[in-house]
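Participant: Here's my sequence, what's the structure:
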Amino acid sequence: MTADSDPRALGAFLKARRAQLTPQECGLPEGDSARKVAGLRREEVAQLAAISVDYYTRLEQGRVRASVPVLTTLARALRLDDDQQQYLYELAGRIDAHPRRRRPAQRLRPAMRRLLDQLTETPALVLGKRLDILAWNPAATALYTDFAAFPANRRNYMRLLFTSPVVRQLHQDWAHDAREAVAALRMEAAADPDDPDLAQLVGELSLQDPDFRTWWAEHHVNSASYGTKHYRHHLVGDLTLDCDTWTSPDGSGQRLMILTAEPGSPSHDALRILTSWTTQQPSTGRTEDLTR
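Facilitator: Coordinates of the predicted model:
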């Protein structure tokens, strides 16, 4: 321990802060059992921060010193503001490592916007870091769901795949598609292992879905940029679509995901019917910049 660190005070602060939060605030299910204490449980904070329950328990008990990556994920998991984050790092004796600058916002590239505007007969999405959904066209809304109905900071392809009944039921083989998506997110984790927002997303989904928890633990990875999707849409029936993902060359990590059908096939006809119902809608989804 350093001279200026106070593990007992750090533990007390962590315990007090989790008592101030509700599961709903953190995107977690409330659960069926009655809570004996107010706020989040230790295991819930540990899952949100992507650390073990034993390690988090020892942190609260002042028996271990927190590393900088752990402090970063705890700050995000516990919804700490700037002052609270500074206080957290001071208690841990890590004030020199306190990240004073937020990560730059994810801003939709103008070229991606223009591509979406021109894609009128095929569903298309722009995906950012952690598979955040940055923008979409009306055809994507018709195929998947009304993305605009979700807050910008909750608009994530992985989150919708596991938590939205509409998106989940769209997939004929949901387990296969969801597992491959988890593998793709694993690749994201390898590229930026210290991303606190990724740790929060993994923690939330691990608590909410046992399949996600199992597949994430398998460490299966997938970098495929194309494949075939089999959907069962409630309006037009079965669809077999080719899914191609094009990565922006500017290093932003933004990807354009396009779904197409073979010309003359039943899926092509069904997709044309589906997209024809969207011609009166705005040309693309206009999203807020994501600060994550």
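
Participant: Remind me what the longest helix belonging to the chain packs against, helices and strands.
Facilitator: Longest helix in the chain by number of residues (criterion: DSSP state H): helix 174-191. The helices and strands touching helix 174-191, judged by 3 or more CB pairs under 8 Å, 6 or more residues apart in numbering; DSSP states H and E, are helix 157-163, helix 196-208, helix 210-217. (Glycine included, C-beta is placed from N, CA and C.)

Participant: which other residues reach that helix?
Facilitator: Contacting residues not belonging to helix 174-191 are listed as 129-131, 157-158, 161-162, 168, 171, 195, 198, 201-202, 211-212, 215-216, 219-224, 227, 229 [CB atoms under 8 Å, 6 or more residues apart in numbering].

Participant: Kindly recompute the last result at 7 Å.
Facilitator: 129-131, 158, 161-162, 168, 171, 198, 211-212, 215-216, 219-223, 229 (CB atoms under 7 Å, 6 or more residues apart in numbering).

Participant: Just the buried subset of the residues you listed, written out for PyMOL, thanks.
Facilitator: Filtering the contacts of helix 174-191 down to the buried ones (16 or more other CB atoms under 10 Å) takes a single PyMOL command:
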select buried, resi 129+130+131+158+161+162+171+198+212+215+216+229
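
Participant: check contacts around Asp194.
Facilitator: Pro69, Thr72.

Participant: element containing it, please.
Facilitator: Secondary structure assignment for Asp194, by DSSP states H and E: no helix or strand.

Participant: ditto for Arg272
Facilitator: Using DSSP H and E, Arg272 falls in helix 266-276.

Participant: starting at the chain centroid, how far to that helix?
Facilitator: The chain centre lies 30 Å from the centre of helix 266-276; the measure is CA atoms, centre = their mean, to the nearest Å.

Participant: tell me what that helix is packed against?
Facilitator: For helix 266-276, the packing partners by 3 or more CB pairs under 7 Å, 6 or more residues apart in numbering; DSSP states H and E come out as helix 138-143, strand 237-247.

Participant: With respect to burial, which of the ones you listed scores highest?
Facilitator: When those are scored by mean count of other CB atoms under 10 Å, the highest mean neighbour count falls to helix 138-143 (a mean of 24).

Participant: which residues touch it?
Facilitator: Counting by CB under 7 Å, 6+ apart, 121-125, 147, 233, 259, 274-275, 277-278, 281 sit against helix 138-143.

Participant: wait, doesn't Pro196 sit right on Arg76?
Facilitator: Yes: here Pro196 lies in contact with Arg76, judged by CB atoms under 7 Å, at a distance of 3.9 Å.

Participant: check contacts around Arg58.
Facilitator: Val64.

Participant: Three-state assignment for it, please.
Facilitator: Of the three states, Arg58 takes helix under DSSP: H, G, I helix; E, B strand; the rest coil.

Participant: Next one, pLDDT for it please.
Facilitator: With respect to pLDDT, Arg58 scores 93.

Participant: One more: Gly27?
Facilitator: Per-residue pLDDT puts Gly27 at 79.

Participant: swap in Ser248?
Facilitator: 88.

Participant: repeat for Tyr55
Facilitator: 93.

Participant: just Ala77 next, same as before
Facilitator: Looking at Ala77, the pLDDT reads 90.

Participant: mind listing what it touches?
Facilitator: Ala77 touches Val45, Leu48, Ala49, Gln200, Gly203, counting by CB under 7 Å, 6+ apart.

Participant: distance of the first one from Pro23?
Facilitator: Counting by CB to CB, to the nearest Å, the gap from Val45 to Pro23 is 11 Å.

Participant: residue contacts, Phe212?
Facilitator: Applying CB under 7 Å, 6+ apart, the residues near Phe212 are Phe162, Val182, Leu205, Ser206.

Participant: Neighbour count: Val45 and Pro23, which is higher?
Facilitator: Comparing Val45 with Pro23 by other CB atoms under 10 Å, the one with more neighbours is Val45, at 27 against 16.

Participant: so the more buried one, which of the three states?
Facilitator: Val45 - assigned by three-state DSSP - is helix.

Participant: Number the residues from 49 up from this point.
Facilitator: Sounds good: first residue 49 from here, last item Val93.
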